[in-house]
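Enquirer: sequence unknown, structure follows:
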């Protein structure tokens, strides 16, 4: 709970002073824990603790899910990189060298490859952006 302004500062000071008074009472009594008279507050704290445990469990589940997604995206990006490299090798980086077996690619054959490379580059860029988002960068 975030407190703002003068009323917030006054409330925070009151809570702090109440807490210190209780601590002093425990120290003076030589007691080691919360007094039984604070059962209502203890019950509230137990409920809050359980709520926070649930949140932590959910956060861990989300983290594992996001890590799995990130691994899938990384594998996809690696696959795209291999495909782009292969397509680049086939096209001969636009120099007209052709494929490695010595046969030249015709202009009609290059257009679908260039289109595919463009799609793959777009997908690769989108995957990189998604990876950065998942990493929190």
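Expert: Nice, I can see it. No experiment lies behind these values; they were computed from the predicted model shown.
Enquirer: Name the nearest residue to residue 117, sequence neighbours excluded.
Expert: Closest residue in space to residue 117, ignoring its immediate chain neighbours: residue 87 at 5.2 Å, by C-beta to C-beta, 6 or more residues apart in numbering. Every C-beta, even on glycine, is put in place using the N, C-alpha and C of the backbone.
Enquirer: Need the pLDDT of the one you found.
Expert: Model confidence at residue 87, expressed as pLDDT, equals 82.
Enquirer: Who are the packing partners of the helix or strand that contains it?
Expert: Assigned by DSSP states H and E, residue 87 belongs to helix 39-91. Counting contacts by 3 or more C-beta pairs under 8 Å, 6 or more residues apart in numbering; DSSP states H and E, helix 39-91 is packed against helix 107-135.
Enquirer: Now do the helix it packs on: which elements does it pack against?
Expert: Partner elements for helix 107-135 (3+ C-beta pairs under 8 Å, 6+ apart): helix 39-91.
Enquirer: how far is the helix it packs on from where the chain is centred?
Expert: Offset of helix 39-91 from its chain centre (C-alpha atoms, centre = their mean, to the nearest Å): 6 Å.
Enquirer: Helix 107-135 and that helix, what's the angle between them?
Expert: For helix 39-91 against helix 107-135, the angle by axes from the mean of the first three to the mean of the last three C-alpha atoms, to 10 degrees is 160 degrees.
Enquirer: where does this protein dip in pLDDT?
Expert: Within the chain, the stretches with pLDDT under 70 are 1-6, 31-38, 93-108, 137.
Enquirer: was I right about residue 127 contacting residue 75?
Expert: No - if you go by C-beta atoms under 8 Å, residue 127 and residue 75 don't touch, sitting 10.0 Å apart.
Enquirer: And these two? Which one has more around it.
Expert: Per other C-beta atoms under 10 Å, whichever of residue 127 and residue 75 has more neighbours is residue 127, with 17 against 10.
Enquirer: Sounds good, over and out.
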